[in-house]
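[1] Quick one: sequence plus predicted model below, questions after.
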Amino acid sequence: MTNFEYKGFDGGGRGVSGTIEAANENGALERLGADGITPVALAEAHPEERASAARGLLRRRIPMATRTMFVRELATFIHADIPLLEALGVLRRQEANPALQAVLNDLHDRVQGGESFSRALTVHPRVFSPLLINMVRVGETGGLLGPVLDQMAVWMEHEEEVRGEIQGALAYPLMIVTLGAVTVAVLFSFVLPRITSVFAGEVNLPLLTRALMGLAAFMGRWWWLVALLAAGAAVGLRQGIRTARGRSFYDRASLRVPVFGALTRKAAVARLARAGAALLASGVPLLETLRVVRGLLGNAVLAAAIDEAIGKVTRGISLARALEESAWLPPSVVHLLGVGERTGRLAEMFERVAQTFERQTRNQIKVMLNLLSPLLIIALAVVVAVIAIAILLPIFRLNSMVR
């Protein structure tokens with residue numbers, strides 16, 4: 001069977017495109033006709049071209065919800081005893097996201113060409129996480145692909161839920177910041193210059209008024225330079241973080257920032273424990289589990305601590321003892337993991353740690369976001385009040401002089 005890419009129109013006159021599997025071009029035309037599609041272009045799809053197209057389309061971001069739905073639907077097909085190749089064929093035809101459809105086309109062709117599913121997933125690291133790839137590899141080896149995909153779908157749904165809660169909680173603070181920026185811009189651009197122009201010849205203007213007048217004049221003339229410098233600083237910071245030394249400095253500093261540093265450590269522990277529980281429960285060896293979760297922490301300093309632990313475990317030292325020297329890992333976690341090692345319930349202890357620290361992380365984020373809104377309102381009120389005072393002070397002084 002050969003894959004063909006087509007473009008055409010359906011019975012309602014709407015443009016459609018996709019791929020179809022057939023023995024030859026005539027067979028593809030017959031299948032399209034049976035589906036009520038009038039093709040205007042039909043060509044054989046080549047795996048390498050499709051992989052290239054997938055990489056090009058991946059410049060568009062694939063939403064987390066879309067990827068989670070794919071994993072959940074694939075697990076459902078596997079549980080229904082539908083062969084993997086057939087399941088991928090169905091999912092790619094029904095996928096509405098062009099970028100993910102291109103990826104699924106490539107996965108289908110690679111699996112059809114004899115590659116393992118986990119090996120095909122590694123071609124698209126921006127779409128599929130190392131955790132998913134390793135879990136699929138375990139599922140293929142042990143004949144447990146369906147349960148493994150179910151477990152990964154639960155993981156991804158949890159990640160999506162947490163991200164959704166944070167985005168929802170940030171909506172109001174972002175609205176306040178936007179409103180404040182617009183208000184200050186209007187006051188600086190229109191209100192302040194017009195009112196203070198009346199007092200431009202006055203020598204004895206209040207210091208606050210003169211300072212704001214100077215700032216307004218500077219921004220009115222050199223706003224493009226300020227914007228350019230800000231953009232340059234942002235790009236420079238981003239490029240600096242991409243270097244090994246810059247990334248190490250940034251990650252180390254993020255762990256030492258008051259409040260946020262503790263939150264970063266808790267989130268890292270939760271992610272490590274959740275991934276560790278999933279991998280160990282699926283039969284992945286401990287060392288391989290540590291190597292996988294190392295790449296999920298998102299912090300070079302914490303990843304280096306895991307590297308040290310891997311080296312010690314390789315030499316025969318227990319995991320709890322290896323992690324005990326890591327200052328970022330709470331003693332309670334080390335103790336629980338030690339109990340899990342001694343009792344043979346390490347995966348269960350990882351799960352308990354994950355639940356505890358996920359709950360603590362979410363509660364701390366909620367508290368911080370609840371405090372953020374009133375703080376932003378106070379800051380906006382202070383800025384507007386300072387501008388208002390700067391405008392009113394000359395008026396009050398002129399009024400006292402007239403009297």
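    Structure's in. What do you need? Numbers count the residues shown, from 1 in each chain.
[2] ok, longest helix in the protein?
    When the chain is parsed with DSSP state H, its longest helix is helix 346-402.
[3] so what does it touch, helix or strand wise?
    Under the contact definition 3 or more Cβ pairs under 8 Å, 6 or more residues apart in numbering; DSSP states H and E, helix 346-402 sits against helix 145-186, helix 192-196, helix 207-242, helix 260-281, helix 331-343. All C-beta atoms are positioned from the backbone trio N, CA, C, and that covers glycine.
[4] looking at those, which is buried most?
    helix 260-281 (a mean of 21; mean count of other Cβ atoms under 10 Å).
[5] quick revisit: give the rounded mean pLDDT of the longest helix of the chain.
    For helix 346-402, mean pLDDT is 83.
[6] And for stretch 93-101?
    What stretch 93-101 shows for mean pLDDT is 87.
[7] Using a markdown table, lay out the helices and strands packed on helix 346-402 together with distance to Phe70.
    Formatted as a markdown table, the helices and strands packed on helix 346-402 follow (distance: least, Cβ to Cβ, whole Å):
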| stretch | distance to Phe70 |
| --- | --- |
| helix 145-186 | 9 |
| helix 192-196 | 54 |
| helix 207-242 | 30 |
| helix 260-281 | 18 |
| helix 331-343 | 33 |
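[8] Nearest to Leu371, out of these?
    Shortest distance between Leu371 and those, using Cβ to Cβ, is found for helix 145-186: 10.1 Å.
[9] returning to that earlier point: from the chain's centroid, how far away is the longest helix of the chain?
    24 Å (Cα atoms, centre = their mean, to the nearest Å).
[10] One more: stretch 104-121?
    The answer for stretch 104-121 is 25 Å, by Cα atoms, centre = their mean.
[11] Averaged pLDDT, that stretch. What do you get?
    Mean predicted confidence for stretch 104-121 is 87.
[12] From the opening residue of that stretch to its closing one, how far?
    With Cα to Cα, to the nearest Å as the measure, stretch 104-121 spans 10 Å from end to end.
[13] can you check stretch 198-205 too?
    Terminal residues of stretch 198-205 lie 11 Å apart, using Cα to Cα.
[14] again, but for stretch 124-136
    Taking Cα to Cα as the criterion, the two ends of stretch 124-136 lie 14 Å apart.
[15] pretty sure Asp81 belongs to a strand, no?
    No: counting by DSSP: H, G, I helix; E, B strand; the rest coil, Asp81 is not found in a strand; it is coil.
[16] Now stretch 293-301: average pLDDT?
    According to the model, stretch 293-301 has a mean pLDDT of 76.
[17] Show me which positions of it end up buried.
    Of all the residues in stretch 293-301, those buried under the rule 16 or more other Cβ atoms under 10 Å are 293-294, 296-297, 299-301.
[18] what's the answer for stretch 253-261, then?
    Buried-residue list, stretch 253-261, by 16+ other Cβ under 10 Å: 254-255.
[19] Go ahead and name everything in contact with it.
    Stretch 253-261 is contacted from outside by 264-265, 299, 301-302, 328, 368, using Cβ atoms under 8 Å, 6 or more residues apart in numbering.
[20] Please repeat the previous calculation with a cut-off of 7 Å.
    Stretch 253-261 has contacts (Cβ atoms under 7 Å, 6 or more residues apart in numbering) with 264-265, 301, 328.
[21] so which of these comes closest to Ala379?
    Thr264 (24.1 Å).
[22] for that closest one, what are its contacts?
    With Cβ under 7 Å, 6+ apart, Thr264 has these contacts: 254-255, 299.
[23] Test my guess that Asn299 contacts Asp251.
    Yes: taking contacts as Cβ atoms under 7 Å, Asn299 lies within contact range of Asp251: 4.6 Å.
[24] Next, the contact list for Ile133, please.
    Counted by Cβ under 7 Å, 6+ apart, Ile133 has contacts 118, 121-122.
[25] hang on, I meant Val284
    Val284 is in contact with 134, 138, counting by Cβ under 7 Å, 6+ apart.
[26] Report pLDDT for it.
    pLDDT, Val284: 78.
[27] On the three-state scheme, it is what?
    The assignment at Val284 comes out as coil when based on three-state DSSP.
[28] now it: how far from Ile317?
    20 Å (Cβ to Cβ, to the nearest Å).
[29] What of Val182?
    Per Cβ to Cβ, Val182 is found 58 Å from Ile317.
[30] Check Met349 too.
    18 Å.
[31] what's the answer for Asp307, then?
    Taken as Cβ to Cβ, the span from Asp307 to Ile317 is 14 Å.
[32] Also Val111?
    40 Å.
[33] now swap in Gly143 and tell me
    In terms of Cβ to Cβ, Gly143 sits 33 Å off from Ile317.
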